[in-house]
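K.L.:
Quick one: sequence and predicted model below, then my questions.
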Amino acid sequence: MTGDRKPSAINNAVPTNASRKKLNRRKFLVRTGGVLAAGAFGVVPLRGWAADPINIGALYPTTGSMAQIGTGCVAAAKLAVDMVNEAGGIKSLGGAKLNLIVSDVQSDTTVTRTETDRLITGNKLSAIHGCYASALTLIASEVCERARVPIITGSSSDQLNKGRSYTFTPFARASQFAKAQLQMAKLVSDQAKIAVIFENTAFGTSTSNGLKELAPGEGVEIVMFEPYSAGFTDASPLINKVKASGANTLFSLSYLNDLILIVRTVKQVGLDIAINGGSGGFVMPDFYKNVGKAAEGLQGVAHWNHDVNDDAQKVNAEFKKRTGEFAFEYAGGLVAQTFMLADALERAASADPKKVREALSTLDVSSGYAAMAPGGKVKFGPDGKNVYGRPVGVQWQNADLASIFPKEDARAPLLKT
Amino acid sequence: MWETLAQAVINGLLIGGIYALVSIGVTLIFGVVKIVNFAQGEFVMIGMYISFFLATQFGIDPLVSLVVSMPVLFVAGVLIQHFLIRRVLGPNDMPQIFLTFALSLLLLNLSLMLFSANYRTVHTSYSDEAWHIGGLYIPVAKLIAFAVAMALSGLLWVFLHTTDLGRAMRAASQNRDVAMLMGINPNRVFAVAFGTALALAGAAGSLLMPFYSAYPFVGQVFVLMAFVAVVMGTLGNVMGALIASLMMGIAESLGIQFVGADSGLIVVFALLLLTLAFRPSGLGARRGR
């Protein structure tokens, strides 16, 4: 009986067959059009008998609240790929060129998940880099882990090094940033008295607790430890409190807008205090544009800075030529990351993501663009962390960021404010 | 101790002046047109962007651009009243609430699209200046903003009490039906009220620009305080809103200073609850009502 029913079901479907044919015709047209178009564009590489290009995925927020930074990252990623390709591509693969496939994660965690999936399933990728913000990178790295595609990132969350074997973090971790900030406080005064003000959600609370735990070990005293609600209309009352605390160094763990207000208010009050603004928005060209001269002498921490060595200076000059701004930490670090991938591809002599992961895990460089990082050496430990990774302390000097800490990375003297 | 206290009061008073401009606009619209304008904060944002672009493109000082932002927003207010609000005025509140809320979302997202989420700051010669008197300091930009805000509030009071149109607005706000029977054209009065309220929001934007960054969400920071002030100062009462705004500025500042930096708003809302407990219709309510 059931056997009899089946044909009838097919018979019932007859009228839709006509529409399916129509759809097929449309599909056919699309495909032929696609083939024609592909032919038109594809002729050039075919003629050169070049090796297949190697696909590198790039996940950055080029729209949404982090759009400006994301766009800067993409500019850096393109610059890096151009540099690798102009130098002859991957020689062990017949001079294969790197092909950057950019995907917009829209500053949104849900979109990041789907975009990472889509990027991996839709393309034959050898590796991925992204996504600037740790919250986004955590999700992308999870998807990469499952799909067995290596991801290399400048994001600083320590969480990225837990339980992952396809994630590589060549730069300093968040916990190292806190330690560096405390040590920098001692540059200003032998008896550092620190006021820590932090916005009272996850970011500010977790970072400030890290500072509180590390402070006794570094021999610095925290005289004020105060949460505040982000997005205030007026920083004066808060700064009034800082003034009353008698601190000589202010750590502000704040989002950009609050930080701008805080810095401007400190100058207005005429409070003589060294300010450490941390990383993130503070070490971006935009910060100086918003704060102006009041930013001079302010300290922060970064995982990369453009004066770290000659290679970095070259990258910075080229980035400046293309975008008009100096290469911010993430952009410069991204160029180094691309060269680390190129080094791994060269040694793997394969575009297979698993082999690229193997090669990345045995990466050991101390010269060239791949090693352009504070510390000057990159070698990944079993947790994907660069064993030589360390942050660099920076200071705003003449509308530019100068490296001032630690001694071996300092490229300019500390500007006393 | 006294110095810290005095400084906290000064800080609160100065920012309270800005709250006042926003809340007077909200209360004026509520009093006369009888609707709650949820988009008031977005008009502050527009005022800021007008001043920002005039400053960066033509080098016009944000305080001078007040003469541009106020008329532009006045006209915008009249148009919005005429083409949008007028059509939803009726016995049912829901369409009005949805309309102004939709307007707020639209303006917010439009500005996100046009200007991006970046912070925009204008630097003037007086932006980071302050007068130091004894151990106290008074930021110049905020003092100017406060003075202009108080002057504009005073002008509004004079307008409402001495001109025919102003009296007509007060009449419409006290009893719309009787006012209409007395020959007052409600549409004209409503349009002027809405326009004036938006002009005040524009003024707030221009006055903020020398010391605060413009970004699409900036209005929401100020509109929350404005709504609290409007309720505390009795809905529709201009003087009440002004006084409540100044009180809230001071309460917030004292809260941050003496309770905790994340407790400014807690103190403000505690003050609101206390006010409502003892004077349920707000500070500006007449006795016997």
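P.N.:
Yep, that arrived.
K.L.:
for the chain, which spans come out with low pLDDT?
P.N.:
All of this refers to chain A. A:1-50, A:417 (pLDDT under 70).
K.L.:
hmm, I had chain B in mind actually
P.N.:
Looking along chain B with the criterion set at pLDDT under 70, you get B:286-289.
K.L.:
Can you pull the phi/psi pair for A:Trp396?
P.N.:
The phi/psi pair for A:Trp396 (degrees, to the nearest 10) reads phi -70, psi 120.
K.L.:
Quick check: A:Ala373 touching A:Val335?
P.N.:
No: under the criterion of Cβ atoms under 8 Å, A:Ala373 is not in contact with A:Val335, lying 10.6 Å apart. (Glycine included, C-beta is placed from N, CA and C.)
K.L.:
Those residues of chain B touching chain A, which are they?
P.N.:
Where chain B comes near chain A, counting by Cβ under 8 Å from any Cβ of the partner chain, the residues are B:4, B:7-8, B:11-12, B:14-15, B:18-19, B:116-121, B:123, B:127-130, B:132, B:137, B:139, B:211-213, B:215, B:221-222, B:225, B:252-254, B:256-257, B:260-262, B:264-265.
K.L.:
Just the ones of those residues in helices?
P.N.:
Using DSSP state H, B:4, B:7-8, B:11-12, B:14-15, B:18-19, B:221-222, B:225, B:252-254, B:256-257, B:264-265 are the members of the residues of chain B next to chain A that sit in helices.
K.L.:
how about the residues of the stretch 101-250 of chain A near chain B?
P.N.:
Residues of the stretch 101-250 of chain A lying near chain B (Cβ under 8 Å from any Cβ): A:197, A:200, A:226-229, A:231-234, A:236-238, A:240-241, A:244.
K.L.:
Mark which of the residues you listed are buried, thanks.
P.N.:
Burial by neighbour count, 16 or more other Cβ atoms under 10 Å in any protein chain shown: within those this picks out A:197, A:200, A:226-229, A:232-234, A:236-238, A:240-241.
K.L.:
Just the element for the closest residue to B:Ala76 other than its chain neighbours, please.
P.N.:
Distance criterion Cβ to Cβ, 6 or more residues apart in numbering or on different chains; nearest residue to B:Ala76, sequence neighbours excluded, is B:Leu198 at 5.9 Å. Counting by DSSP states H and E, the element that carries B:Leu198 is helix B:186-208.
K.L.:
mind listing the helices in the stretch 51-200 of chain B by residue range?
P.N.:
B:66-80, B:86-88, B:94-115, B:140-162, B:164-174, B:176-181, B:186-208 (DSSP state H, counting those that start in this stretch).
K.L.:
Looking at those, which is nearest to A:Asn309?
P.N.:
helix B:94-115 (37.8 Å; Cβ to Cβ).
K.L.:
Could you export that closest one as PDB, CA atoms only?
P.N.:
The C-alpha coordinates for helix B:94-115 follow below in PDB (Å, rounded to 0.1, in the frame of the first residue of the first chain):
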ATOM      1  CA  MET B  94      -0.900  55.400  23.000                       C
ATOM      2  CA  PRO B  95      -0.300  56.800  19.500                       C
ATOM      3  CA  GLN B  96       1.400  59.800  21.000                       C
ATOM      4  CA  ILE B  97       3.700  57.700  23.100                       C
ATOM      5  CA  PHE B  98       4.600  55.500  20.100                       C
ATOM      6  CA  LEU B  99       5.100  58.500  17.800                       C
ATOM      7  CA  THR B 100       7.600  60.300  20.000                       C
ATOM      8  CA  PHE B 101       9.300  57.100  20.900                       C
ATOM      9  CA  ALA B 102       9.600  56.100  17.200                       C
ATOM     10  CA  LEU B 103      10.900  59.600  16.500                       C
ATOM     11  CA  SER B 104      13.600  59.100  19.100                       C
ATOM     12  CA  LEU B 105      14.600  55.700  17.600                       C
ATOM     13  CA  LEU B 106      14.600  57.100  14.100                       C
ATOM     14  CA  LEU B 107      16.800  60.100  15.000                       C
ATOM     15  CA  LEU B 108      19.200  58.000  17.000                       C
ATOM     16  CA  ASN B 109      19.700  55.400  14.200                       C
ATOM     17  CA  LEU B 110      19.900  58.100  11.500                       C
ATOM     18  CA  SER B 111      22.700  59.800  13.400                       C
ATOM     19  CA  LEU B 112      24.400  56.500  13.900                       C
ATOM     20  CA  MET B 113      24.300  56.000  10.200                       C
ATOM     21  CA  LEU B 114      25.300  59.500   9.200                       C
ATOM     22  CA  PHE B 115      27.800  60.400  11.900                       C
END
